[in-house]
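Undergrad: I'd like to go over a predicted model; first the sequence, then the structure.
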Amino acid sequence: MPASTPPTQAGADGAATASLPSFYSPRTAAADTNAPNEVSNLSLQNDTQPQTNTSQPPKSALAHLAEPALPSLVSPAFTPPVTPGTFTPVSSGDGTQEGSPREREPRGVPVDSSVDSGGCGTKRPRLLETLPHVECIVRARIPTVNGTQMFLHLYTNNVDNKEHLAIVFGEHIRSKSLDAPRPGETERDRMTRGAYTGVLFPGRTESGMLAGTPTSSTEVPAPTQAPLVRVHSECYTGETVWSARCDCGEQLDEAARLMALPSNKTGGIIIYLRQEGRGIGLGEKLKAYNLQDLGSDTVEANLLLRHPADARSYGLATAMLADLGQPAIRLLTNNPDKIRAVEGPNREVVVKERVPMVPLSWRGEGGFRSREVDGYLSTKIQKMGHLLDSGTLL
């Protein structure tokens, strides 16, 4: 368990909050709707501009976003307090300011899966002959407690009955299937399912889309560099019930932190696949936990339950990235073998760089440590070929 929090801590209004259990801590800063990321992403126009462009509201239309900050919420103590990304100025010595090392763009390692020496691992995963069919059925803006905003995309598909997600940082990243017009729908219908440009506001009547193409002149142009992408598999225990058996929650936090940094101009995508327990499901995963308590490691436990060591598939991730218009990406992972799996049967998505995943706890900047997670990471290195260099500072 992470270290206990102090008995009291000042809340958003300066008053001391009540004592909380050891695994909770008050949020370190109230939501700030005037944070740089929030304002720049909203692309607001001033009141003197014509009101005919319904993709952009007058300032008064966003008055409800400027209400006083809500009381501090609580979150697991091991969640990095700067997730998603924030900016802490550090003097560079020449009178200018720059972000601290952990607040700069992470460095990637160039990879090429077309050659054996391309840094993409030794495995040749079995891939589907064709990618699954996916469709984004709704998109919504998610303002976060740290002021950054992202867009949550919900996908359906033709291979399972699960709803998979894409968490998108950057307005220039759009879904082809979502933006495509649908027979008989109204402008209100389009805005309701998230096929709009700019920002929604009370009284808006037009989506800013025409025949599936953005028509607003204020749309953010796409950068030339590939976006940072994390393909993350669901982990209820590590993300929701504070399990110290794995570091999945920390890795999800770190991915969001890096993609929301002001220094990241390329945007980012977290593909959140609903394949719990490396694909074996929550029930079997809990059985595997019991086998681990009886002495097995994570790989042995899966095998004893007659499951593969890793039953995950990444065809849906490839199809979702293609739908989001990303033919080239920088993949945030420590697993070089994942690169070929994410690229797809015909390299529909090409991984240009592998960016190491180094959560804050590995750098001694927060996070948690436990006997269980140490064993989990050791198994990843020794049996699954992951590259976990806790001393790497990006």
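TA: In hand now; what should we look at? Numbering: from 1, shown residues only.
Undergrad: buried ones in stretch 185-197?
TA: Neighbour-count burial for stretch 185-197 flags Glu187, Arg190, Met191, Arg193, Gly194, Ala195, Tyr196, Thr197 (criterion: 16 or more other CB atoms under 10 Å). In this view, the C-beta of every residue, glycine as well, is placed from N, C-alpha and C.
Undergrad: in a helix, that's where the third one is, yeah?
TA: The reference is to Met191. Yes: counting by DSSP: H, G, I helix; E, B strand; the rest coil, Met191 is part of a helix.
Undergrad: Look at the residue lying closest to it once chain neighbours are set aside and report its pLDDT.
TA: Nearest residue to Met191, sequence neighbours excluded (CB to CB, 6 or more residues apart in numbering): Ser207, at 5.2 Å. Looking at Ser207, its pLDDT is 94.
Undergrad: before we move on, the earlier item: quick one: which two of the buried residues of stretch 185-197 are the most distant?
TA: Farthest-apart pair in the buried residues of stretch 185-197 is Arg193 and Thr197; separation 13.8 Å (CB to CB).
Undergrad: so which strand or helix has Ser117?
TA: For Ser117, there is no helix or strand it lies in under DSSP states H and E.
Undergrad: and it, how many neighbours?
TA: The number of residues packed near Ser117 is 6, by other CB atoms under 10 Å.
Undergrad: who does the helix or strand where Val351 lies pair up with?
TA: For Val351, the enclosing helix or strand under DSSP H and E is strand 350-355. Here strand 350-355 is paired, per DSSP bridges, with strand 109-110 (antiparallel), strand 328-332 (parallel).
Undergrad: can I get those strands in JSON lines with mean pLDDT?
TA: Shown next, in JSON lines, are those (pLDDT from 0 to 100):
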{"stretch": "strand 109-110", "mean pLDDT": "88"}
{"stretch": "strand 328-332", "mean pLDDT": "96"}
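Undergrad: Which one, of those, ends up nearest to Arg141?
TA: Of the strands paired with strand 350-355, the one closest to Arg141 (CB to CB) turns out to be strand 328-332, at 22.7 Å.
Undergrad: Just the C-alphas of that closest one, formatted as CSV.
TA: Extracted in CSV, the C-alpha atoms of strand 328-332 (Å, rounded to 0.1, in the frame of the first residue of the first chain):
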residue,chain,number,x,y,z
ALA,A,328,2.2,6.0,-38.5
ILE,A,329,2.5,6.1,-34.7
ARG,A,330,5.1,6.2,-31.9
LEU,A,331,4.2,3.3,-29.6
LEU,A,332,4.5,3.7,-25.9
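Undergrad: May I see the buried residues of it?
TA: In strand 328-332, counting by 16+ other CB under 10 Å, buried: Ile329, Arg330, Leu331, Leu332.
Undergrad: May I see those organised as CSV, with distance to Met150 added?
TA: Compiled in CSV, those are given as follows (distance: CB to CB, whole Å):
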residue, distance to Met150
Ile329, 17
Arg330, 18
Leu331, 19
Leu332, 15
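Undergrad: ok, which stretches of the stretch 251-394 of the chain are helices?
TA: Applying DSSP state H, counting those that start in this stretch to the stretch 251-394 of the chain gives helices spanning 282-293, 298-304, 315-323, 338-343, 371-384.
Undergrad: Sketch out the low-pLDDT regions of the stretch 251-394 of the chain for me.
TA: 360-394 (pLDDT under 70).
Undergrad: Helix or strand: which one has Arg230?
TA: strand 228-233.
Undergrad: That strand packs against which elements?
TA: Under the contact definition 3 or more CB pairs under 8 Å, 6 or more residues apart in numbering; DSSP states H and E, strand 228-233 sits against helix 248-259, strand 268-273, strand 328-332.
Undergrad: still on that earlier bit, out of the helices of the stretch 251-394 of the chain, which is closest to Glu171?
TA: helix 315-323 (16.6 Å).
Undergrad: Can you pull out the residues in contact with that closest one?
TA: Residues from elsewhere that reach helix 315-323, judged by CB atoms under 8 Å, 6 or more residues apart in numbering: 127-128, 131-136, 155, 157, 159, 164, 166, 175-177, 229, 231, 269, 271, 273, 329, 342-344, 348-349.
Undergrad: Which of the residues you listed are buried? Put it as a ChimeraX command.
TA: A single ChimeraX command selects the buried members of these (16+ other CB under 10 Å):
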select :127,131,132,134,135,136,155,157,164,166,175,177,229,231,269,271,273,329,342,343,344,348,349
